[in-house]
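Participant: Next comes the sequence, and after it the predicted model I'd like to discuss.
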Amino acid sequence: MAPLHIELEDLAGTSWWTSALATLASQSGIAYLRFVGLVDGHRRYRSATFPGPRTLGTLPPQEASALG
């Protein structure tokens, strides 16, 4: 049985039209994200989308939640 890999996906990065739509519809600094479950590199599951802060690149969870 193949393992399930769970990743966080930026909805705007999935295609050019979702990127354009997310840019036009979102508030400044907000990214729309979702969790996806991959088995053998194929998407099997996906969650509902939810808003999150947009960053320039990726940050470790500890750095993103650190105060001050």
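Facilitator: Everything's here; your move. Keep in mind the model is a prediction, meaning the values are calculated, not measured. Numbering: from 1, shown residues only.
Participant: who's in contact with Leu38?
Facilitator: 4-7, 44 (Cβ atoms under 8 Å, 6 or more residues apart in numbering). Glycine gets a C-beta too; all of them are placed from N, C-alpha and C.
Participant: Any buried residues in stretch 12-19, and which?
Facilitator: Using 16 or more other Cβ atoms under 10 Å as the test for burial, stretch 12-19 gives Ala12.
Participant: Can you report how many residues lie near the residue nearest to Arg54 when sequence neighbours are not counted?
Facilitator: Excluding the flanking residues, the one nearest Arg54 by Cβ to Cβ, 6 or more residues apart in numbering is Ala31, at 4.1 Å. In terms of burial, Ala31 registers 17 neighbours under the definition other Cβ atoms under 10 Å.
Participant: Gly41 and Thr49, how far apart?
Facilitator: Taking Cβ to Cβ, to the nearest Å as the measure, Gly41 and Thr49 are separated by 22 Å.
Participant: Between those two, which is the more surrounded one?
Facilitator: When neighbours are counted by other Cβ under 10 Å, Thr49 comes out ahead of the other of Gly41 and Thr49, with 14 against 7.
Participant: So what are the sheet partners of the longest strand along the chain and their directions?
Facilitator: Among all segments of the chain classified by DSSP state E, the strand with the greatest residue count is strand 30-39. With DSSP bridges as the criterion, the sheet partners recorded for strand 30-39 are strand 4-10 (antiparallel), strand 42-46 (antiparallel), strand 50-53 (antiparallel).
Participant: For this protein, give the helix that spans the most residues.
Facilitator: If you go by DSSP state H, the chain has its longest helix at helix 16-25.
Participant: how far off strand 4-10 does that helix point, in degrees?
Facilitator: Here helix 16-25 runs at 50 degrees with respect to strand 4-10, directions being taken by axes from the mean of the first three to the mean of the last three Cα atoms, to 10 degrees.
Participant: export helix 16-25 as PDB, just CAs?
Facilitator: Included here for helix 16-25 are C-alpha records, laid out as PDB according to Å, rounded to 0.1, in the frame of the first residue of the first chain:
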ATOM      1  CA  TRP A  16      -3.000  30.800 -14.500                       C
ATOM      2  CA  TRP A  17      -6.800  31.600 -14.300                       C
ATOM      3  CA  THR A  18      -7.000  30.800 -10.600                       C
ATOM      4  CA  SER A  19      -4.000  33.000 -10.000                       C
ATOM      5  CA  ALA A  20      -5.700  35.900 -11.900                       C
ATOM      6  CA  LEU A  21      -9.000  35.300 -10.100                       C
ATOM      7  CA  ALA A  22      -7.300  35.100  -6.600                       C
ATOM      8  CA  THR A  23      -5.400  38.300  -7.300                       C
ATOM      9  CA  LEU A  24      -8.500  40.200  -8.300                       C
ATOM     10  CA  ALA A  25     -10.800  38.800  -5.600                       C
END
